[in-house]
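Peer 1: build the 3D model from these lines:
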Amino acid sequence: MAKKSSVSYNEAMAEIEQILATLQRSDCDIESLANHVKRASELIEVCRKKLRKAESDVEKLFVE
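Peer 2: Predicted coordinates:
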């Protein structure tokens, strides 16, 4: 799971889905679990920021 400095929304969502699939398997050890949860949290924050930016951009279009 290499971090990218700039990951797209779609890339982040795809990685989150991969993490979820991994976590649903019963063979995930505790160290991996912690790493996966941390990475998923980072990706969720990336998605939230991108969604907030898109919302702001759309709102600006309607104000102008």
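
Peer 1: max-length helix in the protein?
Peer 2: Scanning the chain for the longest helix, with DSSP state H as the assignment, gives helix 30-63.

Peer 1: what packs against that helix?
Peer 2: Contact here means 3 or more CB pairs under 8 Å, 6 or more residues apart in numbering; DSSP states H and E; on that basis helix 30-63 packs against helix 9-24. Heads up, the C-betas are built off the backbone N, CA and C, glycines and all.

Peer 1: buried sites along the helix it packs on?
Peer 2: Under the neighbour-count criterion of 16 or more other CB atoms under 10 Å, helix 9-24 has 12, 15, 16, 19 buried.

Peer 1: swap in stretch 41-58?
Peer 2: Using 16+ other CB under 10 Å as the test for burial, stretch 41-58 gives 42, 43, 46, 47.

Peer 1: now find how far off-centre it is within its chain.
Peer 2: Here stretch 41-58 is found 10 Å from its chain centre; the criterion is CA atoms, centre = their mean, to the nearest Å.

Peer 1: I appreciate the help and will end here.
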